[in-house]
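J.: what's the 3D shape of this:
(chains A, B and C)
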Amino acid sequence: MAYQPPPLIHRKRLLTWGLTAAVLIVMPLIFKQSFALSMMSQMGIAIIFALSYNMLLGQTGMLSFGHAVYFGLGAFFSVHALNAVGAGNFHWPVTLLPLIGGVAGLFFGVIFGYVTTKHSGTPFAMISLGIAEMVAACSLMFPTFFGGEGGISTDRVVGNAVMGITFGPSIQVYYLIAGWCFVCMVAMYALTQTPLGRMANAVRDNAERARFVGYNPTHVRYMMLMLSSFFAGIAGALAAINYELVTAENVGVVASGNVLLMSFIGGIGHFFGPIIGAMLVTFIQSALSNYTLAWLLYFGLFFLVMILFAPGGIASLITLHKPAWEVAQVRKLVPSYIVAGLAGAVLLVGVISLIEMIYQVETKAEQSGTEMSLFGIGFDAATVMPWVVSVCILFVGALLLWMASRYVRSSWTQVAAVINARRSA
Amino acid sequence: MEFFLVTLLNSLSYGLLLFMLSSGLTLIFSMMGVLNFAHASFYMLGAYFAFQTSQAIGFWPALVVAPIAVAALGAITERYGLRTVHKYGHVAELLFTFGLAYIIEEIVHLIWGRAPVEYKIPAVLDFSAFSIFSTQYPAYRVFMMLVSVGMLIALYFALTRTRIGLIIQASLTHPDMVESLGHNVPRVFMTVFAGGAALAGLAGVIGGNAFVTEPGMAASVGTIVFVVVVFGGMGSLAGAFVASLVIGAVQTFSVGFDYSLLNLFALLGIETSADSAWYDLWKVTISQAGPVLPYILMVLMLIFRPKGLMGTREG
Amino acid sequence: MIGQYIRGSAIAAALFAVGMGAASANTVKIAYLEGLSGPFANVGEVGLRHLQFAADRINAKGGVLGQKIEVIPFDTKTSPQEAQLVFKQLVDQGIRYMMQGNGSAVAIALSEALGKHNSREPEKTVLYMNYGAVDPSLTNDKCNFYHFRFDADVDMKMQALTTYMAQQKDITKVYLINQDYAFGQSVAKAGRAMLTKKRPDIQIVGDDLHPLGKIKDFAPYVAKIKASGADAVISGNWGNDIALLIKAAKDAGLKAKFYTYYAGGLGTPPVIGEAGVGNLKQVTVFHSNIGGSGAAAEVEAYRKRFPDSKDDFYWTTIMTAVDMLTRAMEQTKSTDPTKVALAMENMKATQVTGEAYMRPENHQLVQPIFVSTFSKANGKDVKFDVERTGFGFQTDARIEAKDTVLPTTCKFQRPKG
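T.: Got it, this is the predicted structure:
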């Protein structure tokens, strides 16, 4: 029987996409502060970037350490294009600037991909790292194109306003990003449903078998990398418009590592995983750092905990409940979750207070002394008592969580029994 | 001549230090298939532990104590970290080490601060051993080379003359076979991981005071060690050895070459000026590009010979 | 399902955002934007201590216009793009004054963002005090009316340094070694141009650029310098790149003198230690042993205020910035950034290093510059050591303010006060 792609448009899917579009439109009406707005713009860019990354890692099984190369080069080319438009040397609407970034990303995808996709697994990962290091080094060596330390800045308000849209105010930029984000999401989702998308999965799972079916795995990887670099370039161009500045850090290894973290935390096994990851990580990086200097440590710990206990990412935690949802058994899990959540909160309080006290004593004591307050309680971190209390809370929390995990497990056993009974029935 | 001899010695001492770092990584990578991103962090921890112990009890005890402490940490990492994520596949393992490297750096920030610590070369070794024409050669560099060579010999005997060494060698090339023969592969893994960490720690002890002991030191050697391992080839300690020396030599010798493509153009009679297209690119000298050369070498190697220089199999 | 999550995190974001707006009223708020987490956090903290030190002093005298100065730190993670987001945050919170100085990349990004913001929302202008980002473009082609720089830029320092070097008759061959990025490249360029102009007989025997922060072993570079026969080396290197260079030079017995920008940078002297004594020079607008009772008192007061931290009083620029800012406010009886900026133009200040003034053409502070040598602390002319190492800097020369003025290409629009 010939392969029948599932229909791209049916009611449930239409509903999901419609809802997504509605949320994208309504969001800035709820959160009006410019900080919130710029964070949402950042999230939109991160979503496109993370989804494009997952085309490689999640769908084709290619672990890349250099995806920011395409993002960053797309950003650099579009910033130069935008400057050329501003200088009047070139005519191109800002709305379509991401296409230039995409094509630039695609161009480098064609070049680098030709070399890298001959291999899979670790050699691919290492070549991508090597290329990333080279591009990063070049970005500092060639100030004419990359702008050196200060990067290339631009002004996104160019040309005549079309229907009052100048892209000066950040709200207009947000809608530009949201629009592109929506289009890219749909396009990338549609791609997963095409024969190419399916073959990419096959290459990921078993390249040998894919070859037997008559597809050349190298070609499939190459195609996927080119397409993915196209979308990464679009994200890069949007970043150029949003920040009006592109610096060498955009092509850097840290940026490449970041997109890997986003995708993995969100969950590489599901299409919507990277979307969650992109939003969550962006949120943590820009908001958490306002509250605590230790945010890097929290972020690292969070990442390790995710790998150790939920390697499928947040998305897999959600889909885990699908069978239970179908048999209407989720409510049986809720009490155990509440208990586990409370126990986890106790543990978290212990961890947070210890980390914050260490930071207070180690780095902040000079400016502001060892007096501090946490969770609304003021105390002096130089005395013994808060430490004893925190360690006690930590242990109690750990104990409670351990007990709660048994409760969760027993609830799940019951639910699983129901699911199995329904299935066999 | 003076420049050549001095640079040759420098490249040798740098190459040997690289080998000390990469030997452990090669063993871990070949056996477990894990590219250990935290390996360079063990190097850093070695330096910091040595700094701490040398303040308390002196440099010589630190030379022994610090690697052992790092080995213990390595064993714990393998037993309670990697083994847990092993069932989720290589990507999860790799990301685990990635996250670990991240946390180790933050913890080092917390304990020792962000500035470099004053980890000094012991006074007994702080003199110049000999002179090559007018350039002095420091005794500590000689000491570093001796330690590296000593470690090399010890490693050679450990791998070829002991039972566990033979099992490790066998699992380098045929991990499945070894397991089928009834050896406790997880325990071998743990031993190798701890041993690799100890070697990295030792490199940290002697490298930390020769260079700088600071929180960025892990990141600064991290990727170059990968290059060595991949260039040398999977499953081959000899490959890693040759690769270390080659990369060391490439990095040190390239500094001496101030030639750029502009010189080549001039030779060919092509006129260039600052306005020529791509001028930025043509004027880059070999010495300027030196630190990037290892990556170019690695990429070329992977393209034309994915097994690496002396590798036995592909990743 | 996707929508659900977007909404969830955005609500949380909003809750956080509301919580942040709660800074206390009736104070003059100065936002301090610096990397406060990650690898450069220690550098950011030093500046913060200085700003707190300056603010405390004003507040002890009753503040400015009856209001206390409140310092509000923001973490830029030393990234230009993060800095732009942080800038939006401080605008959201209604803060009108900000200070930054660590890293020209961040400074340029902030200056651009500031320019756009101030022209798009002229009723909410923000004033930017730059205490240490030294890229010349900030007060030349990329200058901005609301940006004031209190440190001398790369070219001014090079001007001072080469003036001093030109007087040293024993210098015949000079080697340039710098980090391969905008700052290092401009040091190399300025050094070559100014030196050959002032002393045509000096030979430039080498001009190396090496990647930023990637070199572990500087021995090959030292071998090359040695082979060139140089007797002086100019380097803009900072951090480990300068420390390792000096150590390698000492190991190889290289006798050349090093003329640097950041030998006294935070964390560098402890690594260099003995290796730098006598042959390592730096060009700065301040060091602890410039002499005069004012400087010594300042260093001691800072040590007394922050006894446990190993850093020393370093940023006279922050003191001058706060001093000028508060005087301009008193003078105009206003905290409006535009009025304050107009009052700050051409303002004079008495620093511990001598007289200084704000140059109205490009808002660059003009002040004396010092060349000093890394030496053993001796309780007399090297009274204070740096970072409690036992080593300090000894003044070689003082280049007067008027001799550091360079032509500027800056042309900004002045608002009507």
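J.: what does the stretch 251-400 of chain A have sitting close to chain C?
T.: By C-beta under 8 Å from any C-beta of the partner chain, the residues of the stretch 251-400 of chain A that approach chain C are A:272, A:275-276, A:279-280, A:283, A:286-287, A:289-291, A:293-296, A:318, A:363, A:365-367. From N, CA and C alone the C-beta is placed, and that goes for glycine too.
J.: Can you pull the residues of the stretch 1-150 of chain B lying near chain C?
T.: B:2-3, B:6-7, B:10-11, B:14, B:109, B:113-118, B:120, B:128, B:131, B:134-138, B:140-141.
J.: Where does pLDDT dip in the stretch 1-150 of chain A?
T.: A:1-9 (pLDDT under 70).
J.: how about the helices in it?
T.: Ranges of helices in the stretch 1-150 of chain A, per DSSP state H, counting those that start in this stretch, are A:11-30, A:34-60, A:68-87, A:97-116, A:121-141, A:143-146.
J.: For the second one, name the packing helices and strands.
T.: Here helix A:34-60 touches helix A:11-30, helix A:170-193, helix A:195-205, helix A:217-243, helix A:253-266, helix A:273-287, helix C:2-20, helix C:80-92, going by 3 or more C-beta pairs under 8 Å, 6 or more residues apart in numbering or on different chains; DSSP states H and E.
J.: The fourth one: which residues count as buried?
T.: Just to be clear, that refers to helix A:217-243. For helix A:217-243, burial by neighbour count (16 or more other C-beta atoms under 10 Å in any protein chain shown) applies to A:217-218, A:220-243.
J.: ok so, going back, of the residues of the stretch 1-150 of chain B next to chain C, which ones also sit close to chain A?
T.: Filtering those for neighbours of chain A using C-beta under 8 Å from any C-beta leaves B:G113.
J.: So which of the residues of the stretch 1-150 of chain B next to chain C are in helices?
T.: Residues from the residues of the stretch 1-150 of chain B next to chain C lying in helices, with DSSP state H as the criterion: B:E2, B:F3, B:V6, B:T7, B:N10, B:S11, B:Y14, B:H109, B:Y140, B:R141.
J.: Show the buried residues in those.
T.: Using 16+ other C-beta under 10 Å, the buried ones in these are B:F3, B:V6, B:T7, B:N10, B:S11, B:Y14, B:H109, B:Y140, B:R141.
J.: Can you classify the nearest residue to B:M234 once chain neighbours are set aside as helix, strand or coil?
T.: With C-beta to C-beta, 6 or more residues apart in numbering or on different chains as the criterion, B:M234 has its nearest non-adjacent residue at 4.6 Å, and that residue is B:G311. Three-state call for B:G311 (DSSP: H, G, I helix; E, B strand; the rest coil): coil.
J.: measure B:G311 to A:V384 for me?
T.: Between B:G311 and A:V384 the distance is 56 Å, computed by C-beta to C-beta, to the nearest Å.
J.: between the two, who's got more neighbours?
T.: More crowded of B:G311 and A:V384, by other C-beta atoms under 10 Å in any protein chain shown: B:G311, with 23 against 7.
J.: quick one, what contacts the more buried one?
T.: For B:G311, the contact set (C-beta atoms under 8 Å, 6 or more residues apart in numbering or on different chains) comprises B:G232, B:G233, B:M234, B:G235, B:S236, B:G239.
J.: distance of it from chain C?
T.: Distance, B:G311 to chain C, using C-beta to the nearest C-beta, to the nearest Å: 26 Å.
J.: same thing with B:K307?
T.: Distance, B:K307 to chain C, using C-beta to the nearest C-beta: 28 Å.
J.: Let's verify that residue: helix, strand, or coil?
T.: Taking three-state DSSP, the label given to B:K307 is coil.
J.: Please report phi then psi for it.
T.: phi -70, psi -20 (degrees, to the nearest 10).
J.: cool, C:L280 as well?
T.: Per-residue torsions, C:L280: phi -110, psi 120 (degrees, to the nearest 10).
J.: contacting residues for it?
T.: C:I246, C:K257, C:F258, C:T260, C:A263, C:I272, C:T373, C:F374.
J.: Show me how chain C divides into domains.
T.: Residue ranges for the domains of chain C, per automatic domain parsing: C:25-152+C:294-368, C:155-284.
J.: Does the longest one reach chain A?
T.: Yes: interface with chain A: domain C:25-152+C:294-368 contributes C:36-38, C:41, C:45, C:48-49, C:52, C:74-75, C:77, C:79-82, C:84-85, C:88-89, C:91-92, C:103-105, C:108-109, C:112-113, C:116, C:120, C:135, C:137, C:306, C:308-309 (C-beta under 8 Å from any C-beta).
J.: Give me the subset of those residues lying in strands.
T.: Among those, the members found in strands (DSSP state E) are C:F74, C:D75.
J.: give me the subset of the residues of domain C:25-152+C:294-368 next to chain A touching chain B.
T.: Of the entries in those, the ones placed beside chain B under the rule of C-beta under 8 Å from any C-beta are C:A41.
J.: Buried ones among the residues of domain C:25-152+C:294-368 next to chain A?
T.: Neighbour-count burial (16+ other C-beta under 10 Å) applied to these gives C:36-38, C:41, C:45, C:48-49, C:52, C:74-75, C:77, C:79-82, C:84-85, C:88-89, C:91-92, C:103-105, C:108-109, C:112-113, C:116, C:135, C:137, C:306, C:309.
J.: Spell out which residues of the stretch 1-150 of chain A are next to chain C.
T.: Counting by C-beta under 8 Å from any C-beta, the stretch 1-150 of chain A sits next to chain C at A:16, A:19-20, A:22-24, A:27, A:30-31, A:33-36, A:38-40, A:42, A:137, A:140-141, A:143, A:148-150.
J.: Buried among the residues you listed? Make that a ChimeraX selection.
T.: To isolate in ChimeraX the members of the residues of the stretch 1-150 of chain A next to chain C that are buried, counting by 16+ other C-beta under 10 Å, one can use:
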select /A:20,23,24,27,31,33,34,35,36,38,39,40,42,137,140,141,143,148,149,150
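J.: Give the residue spans of the stretch 151-300 of chain A that score low on pLDDT.
T.: Where the stretch 151-300 of chain A drops into low confidence, which here means pLDDT under 70, it does so at A:159-162.
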